[in-house]
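J.: The following comprises the amino acid sequence and a computationally predicted model.
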Amino acid sequence: PNLTIFARARNRDHAFKLMEIGVEHIWRETFFSALELTKAVLKHLGQTDEKIKKASQIFIEHDSALLKEQFKVYKDENLLIAQSKSSSLQ
């Protein structure tokens with residue numbers, strides 16, 4: 001009962017299932033590779049390192065909060081879709 005589990009999730013749905021059983025330290029396989037790819041593209045397009053870092057941090061914080069909110073409704077597909085649509089970054 002006192003064991004801390006670190007787990008890799010294949011995707012968002014898998015992360016929800018891990019969260020459901022109490023796992024708190026979850027790394028989504030595609031999340032960080034997609035983030036690194038985005039950083040590389042932004043760099044290639046001429047964005048500064050400072051802007052890239054700031055944009056990445058904003059996205060990570062937004063997505064982390066969204067993951068926690070979506071976890072509350074992930075079993076209801078209609079609510080999950082509605083929440084996803086209403087939570088896009090402005």
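T.: Looks like it arrived, so ask away. Residues are numbered from 1 along each chain as shown.
J.: What average pLDDT does the strand or helix carrying L18 get?
T.: If you go by DSSP states H and E, L18 is part of helix 12-20. Across helix 12-20, pLDDT averages out at 96.
J.: What ranges does this protein have for its helices?
T.: 12-20, 29-44, 49-71, 77-86 (DSSP state H).
J.: Can you name the residues that contact K39?
T.: I52, S56 (CB atoms under 8 Å, 6 or more residues apart in numbering). In this view, the C-beta of every residue, glycine as well, is placed from N, C-alpha and C.
J.: which of the helices of the chain is buried the deepest?
T.: helix 12-20 (a mean of 16; mean count of other CB atoms under 10 Å).
J.: how about it as PDB, C-alpha atoms only?
T.: Taking Å, rounded to 0.1, in the frame of the first residue of the first chain, the C-alpha atoms of helix 12-20 are listed here in PDB:
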ATOM      1  CA  ARG A  12      -4.600   9.500 -22.800                       C
ATOM      2  CA  ASP A  13      -7.100   6.800 -22.300                       C
ATOM      3  CA  HIS A  14      -4.500   4.500 -20.800                       C
ATOM      4  CA  ALA A  15      -3.400   7.400 -18.500                       C
ATOM      5  CA  PHE A  16      -7.000   7.700 -17.300                       C
ATOM      6  CA  LYS A  17      -7.100   3.900 -16.500                       C
ATOM      7  CA  LEU A  18      -3.800   4.300 -14.600                       C
ATOM      8  CA  MET A  19      -5.200   7.300 -12.700                       C
ATOM      9  CA  GLU A  20      -8.300   5.300 -11.900                       C
END
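J.: so it versus helix 29-44, what angle?
T.: 130 degrees (axes from the mean of the first three to the mean of the last three CA atoms, to 10 degrees).
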